[in-house]
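Novice: can you look at this prediction? I've put the sequence above it.
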Amino acid sequence: MTVVKSTLPEEALRVTGTALQETLVDLLGLSLIGKQAHWNVVGPRFRSIHLQLDEVVATTRSHSDTVAERAAALGVPLDGRPETIAATFALPGAKDGWLRDTEAVELMVSALEAAIGRLRERIEATEKADPVTQDLLISVTADLEKQRWMFEAENHPRDDAAR
């Protein structure tokens, strides 16, 4: 059943739809990783990391909605069901149990880095297929890169000699 007729040619719609579906899975998965780490992080930097994890969750959830709405506008129904996310999610995930603050930071840097790499591939794939979707993916990438930078800065060793 087609509810919304796409303005894109068939091949461009296929490429764009795939990019949007894969991005939705990555974003929903990142939000789950962020919440898992948020609930289980412990250590001396608990508070700052706990709050930063909520920012990642808010960012990924907001972008997942925008991505899904872009797909709907193009006539592509996306699949965000839990079983689909579980079956297709390919980013590094959290271990079971408590996470030391350093482990939470490493997890988020790794997961965000992987998502950014995958987004960059989709940015390239959608360049000709749909520059509007490409622009959306660029925006998502910029926000995830900001989050990755903030976590990476948490791992920077202190230079006590500079004090």
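Specialist: Noted; the coordinates are in hand.
Novice: how close does E83 sit to V25?
Specialist: With distances taken as Cβ to Cβ, to the nearest Å, E83 is found 12 Å from V25. All C-beta spots, glycine's among them, are computed from the backbone N, C-alpha and C.
Novice: then I138?
Specialist: 19 Å.
Novice: those two: which has the busier surroundings?
Specialist: More neighbours surround V25 than the other of I138 and V25, with 24 against 15 (other Cβ atoms under 10 Å).
Novice: burial count for the closest residue to the more buried one other than its chain neighbours?
Specialist: Nearest non-adjacent residue to V25, counting by Cβ to Cβ, 6 or more residues apart in numbering: T88, 5.1 Å away. By other Cβ under 10 Å, 14 other residues sit near T88.
Novice: which residues does the residue most central in space within the chain contact?
Specialist: In the chain, the centroid-proximal residue (Cα atoms, centre = their mean) is L27; its distance is 3.5 Å. With contact taken as Cβ atoms under 8 Å, 6 or more residues apart in numbering, L27 is in contact with 60-61, 63-64, 67, 115, 140.
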